[in-house]
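from the sequence below, what's the structure:
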Amino acid sequence: MARNPVEQIATNLLLILCGSGVKRWKNPGGFKLFRKYSLHCNHPQACIRQTTIKSGKRVVRQMTVLKVTLRQGRLTCDDGKRPLGSALADRLDALPKGAPLAILIHGFKYHPDLPSRSPHSSLFSDAPDPANWKVRSWTIGLGFETNDPNAGLAICLGWPARSPQHWGGFGTGFARAYDLATTAAEALSGMLEDIAALRPDLTIDIFAHSLGARVALIGAAHTPAARIGRMILLGGAEYSSVARDCLTSPAFCSAEVFNIISRENDLFDALFEWAAPGSVDGDTCLGAGLGHICPRWADVEIDAEHVTRYLFARGFPLAGSKRRISHWSFYTRPGALAIYRSILRDRLLWSASDLSTRFAEKPLSRRWSRLFSPLPRTDHVDAEALALLTRA
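Numbers count the residues shown, from 1 in each chain. The predicted model follows:
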């Protein structure tokens, strides 16, 4: 794939930082069709996350969050105290009709079995380390922080997006994680099938960041029985050709996809195209957008000034960006999670088709434009709104 000089310089810098002995992986033949996977097996481990009431010895099961981990090709609950099948059935049985159901999927470099890299103690925790500037609580930000069943259910899917052993340079490590995402997608497909069997009335939303977008798209595409409602992809690390193929699946016949992109992510988009196995010559990642090939797909350039002005006019102030390069501002930026929360919960306020039509008036910014242009203005966001966002 031809690169402009800026992209080549950025790639060379990363090669220097990550090591020159990086192996380029070729496409092994695209994603495979999945065998049927069932959660109801004899030896998965499971748990129900619990919160102790300080005023007494009674323990209350938090019904709004279920933490799930992929281990050796099997989905288990994170703590290992109950079979996953029964835990999932109990949670779904307690879920009122029409309550939100969302599956949250992290991206590259997380691993549930590494304490310092576990998503369950960071992104999926209601009390992540405040010193980690790359982390915000997704469960709280998306509205799953209470024990009220009407708040819905968040199923937090942790998968090994890195190896406990040393993988070598960035390219080799990411290529292997990209391949492992196929296994995680297979497990997701099995869980979606079980949810559809247990509660066929429920609509399933998916919220994914980075390489989690590959897991989400392929897993959903191979589960035609699932009722996929809305999918929010943040900085999706997947090829546009794969996304287009997935959109032809019956599972996406009525699904809406909000493809959240940012010019702050340009370096990571370029690294993805360099390191991940690709099957189509000249293919680009989701950060380049899909355009208008599907009426239920919206490319939302979250750091574009006209987008932030539109969101502010709708009552969703978004703090201005202070970075030119970031892979995490999709959810760390004050005000961002409130927007995604509303997309998942206030269904009548948002439409992927409407956003796609509205933002089509202005083309997406060119890659690398953030590096050399002034940061987007935020004077339309008043000081009081910014103060509230900073405290949020």
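
looking at this structure, which helix or strand is least sure?
Lowest by mean pLDDT, DSSP states H and E among the helices and strands of the chain is strand 50-52, with a mean of 35.

what residues sit buried inside stretch 353-361?
Buried residues in stretch 353-361, counted by 16 or more other C-beta atoms under 10 Å: 355-356, 359. C-betas here are computed from N, CA, C, even on glycine.

nearest to residue 247 among those?
The closest of those to residue 247 turns out to be residue 356 (C-beta to C-beta; 13.1 Å).

thought the closest one was touching residue 290?
No. Between residue 356 and residue 290 there is no contact under C-beta atoms under 8 Å: 9.6 Å.

residues that sit against both of those two, list them.
Common contacts of residue 356 and residue 290, defined by C-beta atoms under 8 Å, 6 or more residues apart in numbering, comprise 297, 299.

now do the SS call for residue 229.
Put simply, residue 229 is strand when judged by DSSP: H, G, I helix; E, B strand; the rest coil.

leaving out chain neighbours, which residue sits closest to it?
The shortest distance from residue 229 to any non-neighbouring residue, by C-beta to C-beta, 6 or more residues apart in numbering, is to residue 203 (3.7 Å).

quick one: list the elements packing against the helix or strand hosting residue 155.
Residue 155 belongs to strand 153-158 when assigned by DSSP states H and E. Helices and strands touching strand 153-158, by 3 or more C-beta pairs under 8 Å, 6 or more residues apart in numbering; DSSP states H and E, are strand 65-71, helix 84-94, strand 101-105, helix 138-141, helix 170-198.

picking that back up, which ones are touching the residue nearest to residue 229?
101, 227-229.

hmm, try it at 10 Å
By C-beta atoms under 10 Å, 6 or more residues apart in numbering, the contact set of residue 203 is 98, 100-102, 226-230, 254-255, 347.

ok, residue 211 next?
Counting by C-beta under 10 Å, 6+ apart, residue 211 touches 105-110, 159, 161, 174, 177-178, 180-181, 184, 235-238, 272, 276.

let's see that with 7 Å instead.
Applying C-beta atoms under 7 Å, 6 or more residues apart in numbering to residue 211 gives the contacts 107-108, 161, 177-178, 181, 237.

mind putting those residues into CSV with pLDDT, distance to residue 339 and neighbour count?
Below are those laid out as CSV (pLDDT from 0 to 100; distance: C-beta to C-beta, whole Å; neighbours: other C-beta atoms under 10 Å):
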residue, pLDDT, distance to residue 339, neighbour count
107, 96, 19, 26
108, 94, 23, 21
161, 93, 25, 28
177, 91, 28, 27
178, 92, 28, 22
181, 95, 26, 30
237, 96, 21, 30
